[in-house]
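*Asks:* Model the structure of this input:
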Amino acid sequence: MTATVQQQAAPIAIDVILDAIVGRLTYDEEFATALAKDPLETLDRAGLHMDKEAVEFFIKHDPERFDKVCDSLSGLINPDTLIKLQEPTCG
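*Replies:* Numbering: from 1, shown residues only. Sure thing, here's the model as predicted:
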């Protein structure tokens, strides 16, 4: 199966978004607090929305880069926030 142009661009977009999140967490305490309280809403408000499929594609095609970003986030984000991001968003 050939990846579409959108699928090929997805890892680049996710890479940029993840870098933006890591960068912003280093200087914006308000963003970090909001992210801990309501991660999905905070990311959407900041224009940092990530589609599940794009994230999965990124992980599959650049697992080393994803691991590096996760390592960076682990020092900047409360682990409970990561759990909230993994919870279902529908009732």
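*Asks:* Next up, the contacts around the most centrally placed residue in the chain.
*Replies:* When CA atoms, centre = their mean is applied to the chain, the residue found nearest the centroid is Leu18 (4.9 Å). Counting by CB atoms under 8 Å, 6 or more residues apart in numbering, Leu18 touches Val69, Leu73. From N, CA and C alone the C-beta is placed, and that goes for glycine too.
*Asks:* Would you quantify the distance from it to Arg24?
*Replies:* Leu18 sits 11 Å away from Arg24, going by CB to CB, to the nearest Å.
*Asks:* I figured Ser76 hits Val22, correct?
*Replies:* That one is not Ser; residue 76 is Leu. Yes. The criterion here is CB atoms under 8 Å, and Leu76 meets it with Val22 at 6.6 Å.
*Asks:* in the protein, which spans are helices?
*Replies:* For the chain, the helices defined by DSSP state H cover 5-25, 29-37, 39-45, 52-61, 63-74, 79-86.
*Asks:* now the fourth one: how far from the chain's centre is it?
*Replies:* Relative to its chain's centre, helix 52-61 lies at 11 Å (CA atoms, centre = their mean, to the nearest Å).
*Asks:* could you check the angle helix 63-74 makes with that helix?
*Replies:* In terms of direction (axes from the mean of the first three to the mean of the last three CA atoms, to 10 degrees), helix 52-61 departs from helix 63-74 by 120 degrees.
*Asks:* what number of residues lie near Phe57?
*Replies:* Other residues near Phe57 come to 19 when the count uses other CB atoms under 10 Å.
*Asks:* what's the spacing between the closest residue to Glu41 other than its chain neighbours and Leu48?
*Replies:* Among residues not flanking Glu41 along the chain, Ala34 sits closest, at 8.0 Å (CB to CB, 6 or more residues apart in numbering). Ala34 sits 12 Å away from Leu48, going by CB to CB.
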